[in-house]
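A.B. asks: Structure for the following, please:
(chains A and B)
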There are 2 protein chains.
Amino acid sequence: MAMAKVDKNKKGKSKDKPEKKVKPAKPAGKAPLKVSPLAPASFPDLPVIAGVRYAAGEAGVRYANRTDVMLVEIAAGSAVAGVFTRSATRSAAVLDCQAKLAALGPAPKKGFGIVVNSGNANTFTGQRGASDVALISDAAAKALKIPAAHVFTCSTGVIGEPLPAEKITDILPVLADGLDAGKSAIAARAIMTTDTFPKGATTEVMIGATPVRIAGFAKGSGMIAPDMATMLGYVFTDAAITQDALQAMLSVATRHSFNAVTVDSDTSTSDAVLVAATGKAGNAPITSRRGAAARAFAGAFEAVLKDLALQIVRDGEGATKLVEVCVTGAKSARDATRVARSIANSPLVKTAIAGQDPNWGRIVMAVGKSGALADRDLLTIRFGEHLVAEKGWRAESYSEEAVAAYMKGQELLIAVDLGLGRGRDTVWTCDLTHAYIDINADYRS
Amino acid sequence: MAMAKVDKNKKGKSKDKPEKKVKPAKPAGKAPLKVSPLAPASFPDLPVIAGVRYAAGEAGVRYANRTDVMLVEIAAGSAVAGVFTRSATRSAAVLDCQAKLAALGPAPKKGFGIVVNSGNANTFTGQRGASDVALISDAAAKALKIPAAHVFTCSTGVIGEPLPAEKITDILPVLADGLDAGKSAIAARAIMTTDTFPKGATTEVMIGATPVRIAGFAKGSGMIAPDMATMLGYVFTDAAITQDALQAMLSVATRHSFNAVTVDSDTSTSDAVLVAATGKAGNAPITSRRGAAARAFAGAFEAVLKDLALQIVRDGEGATKLVEVCVTGAKSARDATRVARSIANSPLVKTAIAGQDPNWGRIVMAVGKSGALADRDLLTIRFGEHLVAEKGWRAESYSEEAVAAYMKGQELLIAVDLGLGRGRDTVWTCDLTHAYIDINADYRS
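C.D. replies: Below you'll find the predicted structure:
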């Protein structure tokens, strides 16, 4: 399957020191969550991105004995961009980030800060939610000596509980003192909720004759517990690129990465991806999405985002299989998306995958219910290389034994061709297992 | 919660004899499915509907040692109506039923027949699917001495396997000989797949001075296994009503009954509801949806459909709770439906209910992701009588203890008011438990 080729284990550029192990959140009285069987072997050595420094600490927002606040400082002269959940009940922090990004000029002069806490989503907390965001922004602005309008905050965790903002503002000066360009791995752990592993990705790309680095980390596995734990992503690059070009590239890349994964079809109230480009690499500035340099950067950038997005599926609640759903031949791109999501979100498809059952009838069902144009006699279904169904019926070459053996793999491809047009889309998902129920049926209590 | 008040246990009118017990289908080597904890105490005594006779037998389509084919004969002069799945991959039988209904005149003279088999859905079986439907229709037409164009067939069970039509056509003459107006309960059992109980409902209503009876039965629990097991419903009445009026009433009533329930958001390829009105009660014929008599009949008719639909949710795979999701105050009726379905289909909401956790944050999430207009500060959420959230935050009167106690009940109400307009809709669903995974993860093998 076409996974992003991103250099996750490149050695030598990290300044990360041996660090205290941060455990994922767990329900009181329950066994800690086991690391997903789909987890990468290790967290990648993220390179230093000149102009970006990180810190993390224990504020005790909700979890004990682990870090739960991260602070990132981004040098003056950087460009920033963001994409956010479209939920109608999105969090106070998301609303604030959106307003601040919209108010930025095309070339902001001052530096930026990012503050993220885990354990509390500051969502559905009325007017107080916005006041708490302002408190944290002001404190971070003071600690980093930047305008409060340049501080972006994100909160992830339980919904409807007041955020103990003072616990966060209290430790921000200490975090500011400890900022370090090599502490990205520590930061990646502080934003985890029930993630079973921290998620990082990096790559390097030549812009003309100048090497440019991209490094990022993310948390989440769809809507994993507690309650509203969500997808957050932070990606940094030393490339020189304008504010507008960076935002345009992020919006496009998100569509084929973070917006192309689904664990359980539930959309969070706090999803946010923030990107900063410091320009310290010294390349000729990229000013649009056009041209060879822009295309080279966009490709590398999307690969990092896709890598992070797939790691989120790999940490999907209870996941034992990573599944790529590839739809081609749809009447339109929109129809392709409909069919891909209908398959990827179907509980019956996902339980069949968990049971390693080549139950292609459920794919037929999911195509049928999607609302997209489909013609039974033109539909082709493949599981990996195995032709399963075509011309309105099971393929003549179909071997239940061979396909059942294929289903035992950890990474699966379900390919559907509708035979009607040129619309195509790909979505990644995981299976639906007992562990999903365990994690979600009784989390808060 | 507003359940249909239908007389399910009225004694005295049934001619059902003690009968052989029919077990639900079960995967080979697995324990039989336990009867749902939400099942009614007993199958109702369905009254005789003059002009309708039933029979059932063992054809061995897929299951051993249980009935799997039902035959219904409907007297000449009856009106018939049907509603069907809108799946783009619907079964050969559904396509055939739709074509036959469309071709009927406004007052068909001859009688009708219905043949239903369980164990094989005759779906995605290419051109052979249509030939098998024709074989069965012809055999039933011969046995009942009616035109083949008046025979409706339905198939439910595994998808993509050729239907052994001869096994069905072979026993049709025997079934025709055994037709009996009192055998509705036997028929209701023959159409079960993994249903854990047969579903029946009946009521009586006065049309002018004439008592009219309505009786029906159904199978399914959303998309329960094996594979494509689906929702099928058969409702009979001795009312005199025209073909057009019956179809119009069925289409409206379906919206608030069978189309208002969801177990797992997966839409089947075989859903069908067929209704026949024999006119033998002798009431002044109902010719439209207008007028007191029509309204009285429509109300009673919808109550029977709703009762059957709720029994399907009560038999939802692994269900331990029946949940009514009631949305009011939406900007439009369509928005209300979107919000209600978003809540009722959310895996996170359904697992929280399974865990008896008053996790109202997940309701906020489901409202937010629905795509409907919503305003945090106008949203009101109630669990039963308990006000949970309002004015953008948890209600001041909220008591976690009281609401947690409420969540232990077997029948729950989640009420959401969006505070924006007059759109409203109600949907019924069940919780998502380990048993759902058990039933679906490894069914076919």
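A.B. asks: all helices of the stretch 201-350 of chain A, in order?
C.D. replies: Here the stretch 201-350 of chain A has its helices, by DSSP state H, counting those that start in this stretch, at A:243-255, A:292-314, A:333-345, A:347-354.
A.B. asks: Which among the ones you listed is found nearest to chain B?
C.D. replies: Proximity to chain B (C-beta to the nearest C-beta) singles out helix A:347-354 among these, at 3.7 Å. For glycine as for every other residue, the C-beta is placed from the backbone atoms N, C-alpha and C.
A.B. asks: Residue ranges of each domain in chain A, please.
C.D. replies: Using automatic domain parsing, the domain ranges for chain A come out as A:52-314, A:322-441.
A.B. asks: tally of neighbours for A:Val252?
C.D. replies: 14 (other C-beta atoms under 10 Å in any protein chain shown).
A.B. asks: Isn't it up against A:Gly299?
C.D. replies: No: in this structure A:Val252 lies outside contact range of A:Gly299 using C-beta atoms under 8 Å: 11.2 Å.
A.B. asks: shared neighbours of these two, which are they?
C.D. replies: Jointly contacting A:Val252 and A:Gly299 under the rule C-beta atoms under 8 Å, 6 or more residues apart in numbering or on different chains is no residue at all.
A.B. asks: re the thing from before, reformat the domains of chain A into JSON lines and put mean pLDDT next to each item.
C.D. replies: Converted to JSON lines, the domains of chain A look like this (pLDDT from 0 to 100):
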{"stretch": "domain A:52-314", "mean pLDDT": "90"}
{"stretch": "domain A:322-441", "mean pLDDT": "91"}
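A.B. asks: Tabulate these (TSV), appending distance to B:His256.
C.D. replies: Below are these laid out as TSV (distance: least, C-beta to C-beta, whole Å):
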stretch	distance to B:His256
domain A:52-314	25
domain A:322-441	21
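A.B. asks: out of the ones you listed, nearest to B:Gln410?
C.D. replies: domain A:322-441 (16.3 Å; C-beta to C-beta).
A.B. asks: gap between that closest one and the chain center?
C.D. replies: Mean C-alpha position of domain A:322-441 versus that of the full chain (C-alpha atoms, centre = their mean, to the nearest Å) differs by 23 Å.
A.B. asks: Can you tell me which residue sits nearest the middle of chain A?
C.D. replies: The centroid of chain A falls nearest to A:Ala309 when counting by C-alpha atoms, centre = their mean (4.3 Å).
A.B. asks: Which residue is the nearest non-sequential neighbour of it?
C.D. replies: Nearest in space to A:Ala309, with sequence neighbours left out and distances taken as C-beta to C-beta, 6 or more residues apart in numbering or on different chains, is A:Ser257 at 4.2 Å.
A.B. asks: what do you get for A:Lys183?
C.D. replies: Leaving out its chain neighbours, the residue that sits closest to A:Lys183 by C-beta to C-beta, 6+ apart is A:Tyr54, at 4.1 Å.
A.B. asks: Please give the number of neighbouring residues around the one you found.
C.D. replies: For A:Tyr54, the count of nearby residues is 28 (other C-beta under 10 Å).
A.B. asks: Just the CA trace of the helix or strand where it lies, in CSV.
C.D. replies: Assigned by DSSP states H and E, A:Tyr54 falls within strand A:52-57. This file holds the C-alpha atoms of strand A:52-57, laid out as CSV (Å, rounded to 0.1, in the frame of the first residue of the first chain):
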residue,chain,number,x,y,z
VAL,A,52,11.7,26.7,16.9
ARG,A,53,12.2,25.7,20.6
TYR,A,54,10.1,23.4,22.8
ALA,A,55,9.3,22.8,26.4
ALA,A,56,6.9,20.6,28.4
GLY,A,57,5.9,20.4,32.0
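A.B. asks: Following the chain onward from it, which element is next?
C.D. replies: Counting by DSSP H and E, the next helix or strand C-terminal to strand A:52-57 is strand A:69-74.
A.B. asks: counting contacts, what elements does the host helix or strand of A:Ile381 pack onto?
C.D. replies: Per DSSP H and E, A:Ile381 falls inside strand A:380-383. Where contact means 3 or more C-beta pairs under 8 Å, 6 or more residues apart in numbering or on different chains; DSSP states H and E, strand A:380-383 is packed against strand A:386-390, strand A:411-417.
A.B. asks: Any figure for the gap between the residue located most distally from the centre of chain A and A:Ala402?
C.D. replies: Most distant residue from the mean C-alpha position of chain A: A:Glu396, 40.5 Å away (C-alpha atoms, centre = their mean). For A:Glu396, the distance to A:Ala402 equals 14 Å [C-beta to C-beta, to the nearest Å].
A.B. asks: And A:Thr125, by the same measure?
C.D. replies: 54 Å.
A.B. asks: Over to A:Gly371: give its phi and psi.
C.D. replies: When read as degrees, to the nearest 10, the backbone of A:Gly371 gives phi 90, psi -10.
A.B. asks: Right, I'll call it a day here.
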